[in-house]
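> sequence plus the predicted model coming up.
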Amino acid sequence: MARFLTLTQDNMLGRGRRRQAYKRSFKTGPVSLTVVTIVLITIFSFLFIVLANSTSVQSVNYGQLQNKVSELHEKNHQLELEAAELRSLKKLEKFSNGLNMVSAQNPVYLEEVGRAVASR
């Protein structure tokens with residue numbers, strides 16, 4: 001009995017020299033290496049362009065958001081000025097005159113007795 005049985009190209013079992021059962025359909029060489037290199041360079045170039053484009057779009061969005069923030073800060077400042085103007089004494093005096101209020105004739109002020117705030 002043979003020590004090794006090999007599967008040959010004609011699918012016969014037998015004793016003899018070993019043969020490769022299936023031939024490679026793809027040979028490696030300088031041409032295939034060049035094609036693989038070109039394909040890899042193309043893929044990496046495409047990825048680089050996509051990433052660069054997304055970065056530029058994000059920077060444009062960032063600039064728009066910065067402009068919106070600065071506009072909102074200006075609007076907030078103007079609203080604070082308007083609120084301060086509405087709380088001013090002159091505005092309150094005009095408002096009180098419109099309600100037919102009178103000024104106090106003899107105001108009485110309380111004096112502080114000791115340091116206690118509340119007593120029993």
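Done, it's in. Numbering: from 1, shown residues only.
> which residue ranges of this structure form strands?
When secondary structure is read from DSSP state E, the chain shows strands at 6-7, 13-14.
> what mean pLDDT does the longest helix along the chain get?
With residue count as the measure and DSSP state H as the assignment, the chain has helix 30-86 as its longest helix. Across helix 30-86, the average pLDDT comes to 93.
> and it, what does it pack onto?
Based on contacts counted as 3 or more Cβ pairs under 8 Å, 6 or more residues apart in numbering; DSSP states H and E, there is no element that helix 30-86 packs against. Where C-beta positions appear, they are placed from N, C-alpha and C, glycine not excepted.
> and that helix, how far from the chain's centre?
The gap between the average C-alpha position of helix 30-86 and the chain average comes to 10 Å, counting by Cα atoms, centre = their mean, to the nearest Å.
> next one: stretch 103-120
Between the centre of stretch 103-120 and the centre of its host chain there is 58 Å, according to Cα atoms, centre = their mean.
> ok, residues contacting it?
The list of residues contacting stretch 103-120 from outside it, by Cβ atoms under 8 Å, 6 or more residues apart in numbering, is empty.
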